[in-house]
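Participant: Whatever this is, show me its structure:
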Amino acid sequence: ELEVMEGSARVMKQLMLCTGRRSPLCRRGRRTLSMSEDPFGHEGQAESYAVYRPKYTGEIFERIFQFVDSGKAGRGTAVDVGTGSGQVAVPLREALRFDSVIGVDRSAEQLSHAQKAGGVEYIAGDAYRLPVGDETASLLTIAQTMHWLNLPLFFEEVNRVLVPGGTFAVLGYAIPQLSCTPAIEQSFRRYYEDTLGSLLPPGVPGSYWDCDRTILDSGFRDVDFEATFTDVARVWFNDQREVSLDAHISYLTTMSAYRTYLSRNDLTMGEEGDPLLAFKADANEQMELSGRNVLQVTYPYFLILSRKNSR
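Facilitator: Here you go, the predicted structure:
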């Protein structure tokens, strides 16, 4: 099915102007952001995030539903940490029928673009000091956010908030794969790995990330959830879609490392020096050679389910 992406026309207009190992918990340079720092606070970034980021599939929510119902904590209050635009918070209320959902995010800009739904409350807050009482949540979710955090501190807060036997669900997606032609995938990998420095620890020369992308792209493979939680289950889902090149580029503009790259190098989106212009031109050429007008994009989603120890 062709994914038609509308909105945020300003982003694409700007981009077309010039077109023609240490432990993952303590890698060198790893840091956590203060509440005053907003990695998604650049102009237009939160709006584009809400429109162009990959959407979680029904299969993922069905797995969460099954796991929750196989326990004894019920479906009372769900807390969604790093809720962003509400991509997880709203389905928790509308599809999984939790009594109430609290979406928490540090970014006021993100929350200003969050989907509205009855029974869903959005609160600006800190992942280490969630604005909910002790043992009040049947479910705590965190989607595409945990790689920003100090995991031991966050796991302590998860255990504080969850009722005994409550579910902890970690969702996310690794970097997409462009399976249409090898040349386009190679060009994309050069941009992601070499230009943004996505294989490097944060804080070292050549890396434009403030978080560890390798821990995210591996689906937190080396994190020992079993040391803190019980009934740990891990699963990957591949979701292949046909996506326009413009929509894929718009998704890439939402990455914090891209915005940091522009800022550090005194560049403007869509103007000379913007690295996405080179990738866009290369991809356009390869698509013309192959006779394609859309990209075949595979989104690798991961889901990690576990429970707080029951007493």
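Participant: going forward, measure contacts between C-alpha atoms and count neighbours the same way
Facilitator: Noted.
Participant: which SSE is the closest residue to residue 196 other than its chain neighbours in?
Facilitator: Here the nearest residue to residue 196 in space, its sequence neighbours aside, is residue 208; by CA to CA, 6 or more residues apart in numbering that works out to 5.5 Å. In this assignment (DSSP states H and E), residue 208 forms part of neither any helix nor any strand.
Participant: quick one: pLDDT of residue 208?
Facilitator: In the prediction, the pLDDT value recorded for residue 208 is 98.
Participant: Surely it touches residue 199?
Facilitator: No - judged on CA atoms under 8 Å, residue 208 makes no contact with residue 199 at a distance of 10.5 Å.
Participant: These two: who's more crowded?
Facilitator: Taking other CA atoms under 10 Å, residue 208 and residue 199 do not tie; residue 208 has more neighbours (23 against 17).
Participant: what's near enough to touch the more buried one?
Facilitator: When contacts are counted by CA atoms under 8 Å, 6 or more residues apart in numbering, residue 208 touches 196-198, 202, 257-258, 260-261.
Participant: Just the closest of those to residue 246, please.
Facilitator: Of all the contacts of residue 208, residue 246 sits closest to residue 258, with 16.0 Å by CA to CA.
Participant: okay, now the closest one: neighbour count?
Facilitator: The burial count for residue 258: 20, using other CA under 10 Å.
Participant: Make 835 the starting number, not 1.
Facilitator: Let's use 835 as the start, then, which means that last one is residue 1092.
Participant: Relative to residue 1029, how far out is it?
Facilitator: 9 Å (CA to CA, to the nearest Å).
Participant: got a list of what residue 1004 touches?
Facilitator: Residue 1004 is in contact with 975-977, 980, 1137-1139, counting by CA under 8 Å, 6+ apart.
Participant: swap the cut-off to 6 Å and go again
Facilitator: The neighbours of residue 1004, taking CA atoms under 6 Å, 6 or more residues apart in numbering as the test, are 975-977, 1137-1138.
Participant: Bridge partners for it, pull those for me.
Facilitator: Residues found in beta-bridge contact with residue 1004 (criterion: DSSP bridges) are residue 976, residue 1138.
Participant: roughly how far apart are it and residue 905?
Facilitator: As judged by CA to CA, residue 1004 and residue 905 stand 17 Å apart.
Participant: Next: residue 1048.
Facilitator: In this structure, residue 1048 and residue 905 are 32 Å apart, going by CA to CA.
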